[in-house]
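Participant: let's see this in three dimensions:
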Amino acid sequence: MDNAISKAEALVEAHQYIRRFENEIVVVKVGGSIMDDPSAMRSLLTDICFLDAVGMRPVVVHGGGKSITDAMKQAGLDAHFVQGRRYTDDRTLAIAEHVLVNQINRQMVEIMTDLGHHPMPMTSLTSCAVFARKLFLQDARDPAKNRIDIGLVGEVDWVNHSLLKALCAAGHVPVIAPIARDQAGGKLNVNADSVAGHVAAAVKAVKLVLVSDTHGIRLRADDPDSLATTLNREQVVELIDQGTIGAGMLPKVEAAMTALEGGVGKAHIIDGRIPHSLLLEVYTDTGIGTELVL
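Facilitator: All right, here's what the predicted structure looks like:
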């Protein structure tokens with residue numbers, strides 16, 4: 001009986017959020033080790049389908065970096081990174097596209113279809129919604145130097161927000177792979193966190209939720225009990241300057257700031273390994289990860 005009452009109380013708590021977010025778009029970026037755990041992946045996609053079932057309009061963006069690296073190893077290629085970005089030549093791009101589009105995106109679409117929903121693959125081989133320009137890096141030690149060419153890597157230039165909104169309004173769930181098109185019709189590999197941030201800003205999502213394998217942002221990098229529940233832009237900048245936010249967390253924070261500055265209400269960084277973490281973040285008072293605001 002107590003368990004049943006707890007479930008009923010959870011539904012009552014969720015009710016206010018279900019009403020508040022009805023017909024609102026939420027962008028969910030899926031990445032991290034959850035991509036390599038079929039059970040965890042299906043659980044998360046089930047939660048995304050729940051959002052769809054109760055009236056929210058989810059848009060999914062996924063990564064797949066580890067799977068790309070594994071596929072490159074099988075092909076006898078070594079992954080090379082420049083300032084945290086994967087150097088991408090023609091062969092690397094072909095492998096990345098195959099893994100992201102033909103494997104990961106297709107699998108996610110199949111799972112959501114099996115759950116009775118209507119996912120729509122948005123990829124470089126189907127209907128592309130994300131367009132990019134070639135990205136060049138600068139030498140951090142000497143910004144005056146020539147730009148660093150890292151191959152077929154892009155930064156988001158434009159998002160077809162009208163198409164994504166129309167699909168959501170029609171009851172579809174766009175599932176976006178981070179291979180973008182450029183103005184000439186070529187293909188560019190784009191960081192999935194960055195894609196999610198730009199997509200969220202373009203569709204004016206109510207939330208951007210970055211699902212990975214980290215609980216959120218720690219105020220002290222070596223203290224797991226120092227999780228920040230809410231941070232604003234000034235606090236984030238301070239943590240970056242201190243070196244507390246770095247490495248893999250930095251692209252997520254940058255994506256969150258892109259979204260917030262583009263008009264998104266809130267951004268969240270949560271751990272997808274925790275069962276139903278997405279629902280706990282969206283539909284409960286306390287949440288579960290780090291909430292980012294301006």
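
Participant: residue ranges of the strands in the chain, please?
Facilitator: In the chain, the strands defined using DSSP state E lie at 25-30, 57-62, 81-82, 85-86, 119-122, 130-137, 148-159, 173-176, 179-181, 187-189, 207-212, 230-231, 266-271, 290-292.

Participant: dump those to JSON lines, plus mean pLDDT and mean neighbour count.
Facilitator: (Each C-beta comes from the backbone N, C-alpha and C, glycine too.) As requested, the strands of the chain are exported to JSON lines (pLDDT from 0 to 100; neighbours: other Cβ atoms under 10 Å):
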{"stretch": "strand 25-30", "mean pLDDT": "98", "mean neighbour count": "28"}
{"stretch": "strand 57-62", "mean pLDDT": "98", "mean neighbour count": "26"}
{"stretch": "strand 81-82", "mean pLDDT": "81", "mean neighbour count": "12"}
{"stretch": "strand 85-86", "mean pLDDT": "81", "mean neighbour count": "18"}
{"stretch": "strand 119-122", "mean pLDDT": "98", "mean neighbour count": "22"}
{"stretch": "strand 130-137", "mean pLDDT": "94", "mean neighbour count": "19"}
{"stretch": "strand 148-159", "mean pLDDT": "94", "mean neighbour count": "19"}
{"stretch": "strand 173-176", "mean pLDDT": "98", "mean neighbour count": "25"}
{"stretch": "strand 179-181", "mean pLDDT": "97", "mean neighbour count": "24"}
{"stretch": "strand 187-189", "mean pLDDT": "96", "mean neighbour count": "24"}
{"stretch": "strand 207-212", "mean pLDDT": "95", "mean neighbour count": "28"}
{"stretch": "strand 230-231", "mean pLDDT": "94", "mean neighbour count": "18"}
{"stretch": "strand 266-271", "mean pLDDT": "95", "mean neighbour count": "24"}
{"stretch": "strand 290-292", "mean pLDDT": "94", "mean neighbour count": "25"}
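
Participant: nearest to residue 197, of the ones you listed?
Facilitator: Closest to residue 197 of the strands of the chain, according to Cβ to Cβ: strand 207-212, at 6.6 Å.

Participant: nearest residue to residue 113 in space, please, no chain neighbours.
Facilitator: residue 119 (6.2 Å; Cβ to Cβ, 6 or more residues apart in numbering).

Participant: on that earlier part again, adding distance to residue 42, write the strands of the chain out as CSV.
Facilitator: Listed next are those as CSV, based on distance: least, Cβ to Cβ, whole Å:
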stretch, distance to residue 42
strand 25-30, 12
strand 57-62, 14
strand 81-82, 30
strand 85-86, 27
strand 119-122, 13
strand 130-137, 25
strand 148-159, 28
strand 173-176, 14
strand 179-181, 24
strand 187-189, 26
strand 207-212, 14
strand 230-231, 30
strand 266-271, 17
strand 290-292, 25
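
Participant: how near is residue 28 to residue 74?
Facilitator: Noted for residue 28: a distance of 29 Å to residue 74, by Cβ to Cβ, to the nearest Å.

Participant: next, count neighbours for residue 89.
Facilitator: 12 (other Cβ atoms under 10 Å).

Participant: can you check the pLDDT for it?
Facilitator: At residue 89, the model reports a pLDDT of 94.

Participant: how far away is it from residue 189?
Facilitator: Residue 89 sits 10 Å away from residue 189 when distances are taken as Cβ to Cβ.

Participant: mutual contacts of the two, please.
Facilitator: residue 152 (Cβ atoms under 8 Å, 6 or more residues apart in numbering).

Participant: could you pull out the helices for this protein?
Facilitator: Along the chain, the segments classed as helices by DSSP state H run 2-20, 38-53, 65-74, 90-97, 106-114, 161-169, 192-202, 233-242, 249-261, 277-283.

Participant: most packed of these?
Facilitator: Among those, helix 192-202 has the highest mean neighbour count (mean count of other Cβ atoms under 10 Å), at a mean of 28.

Participant: from residue 4, how far out is the residue nearest to residue 287 when sequence neighbours are not counted?
Facilitator: Leaving out its chain neighbours, the residue that sits closest to residue 287 by Cβ to Cβ, 6+ apart is residue 281, at 4.9 Å. Residue 281 sits 24 Å away from residue 4, going by Cβ to Cβ.

Participant: what do you get for residue 243?
Facilitator: For residue 243, the distance to residue 4 - Cβ to Cβ - is 48 Å.

Participant: what sits against residue 61?
Facilitator: Residue 61 touches 27, 28, 29, 30, 176, 178, 192, 195, 196, 199, counting by Cβ under 8 Å, 6+ apart.

Participant: now the second one, which residues is it bridged with?
Facilitator: Beta-bridge partners recorded for residue 28 (DSSP bridges): residue 60, residue 209.
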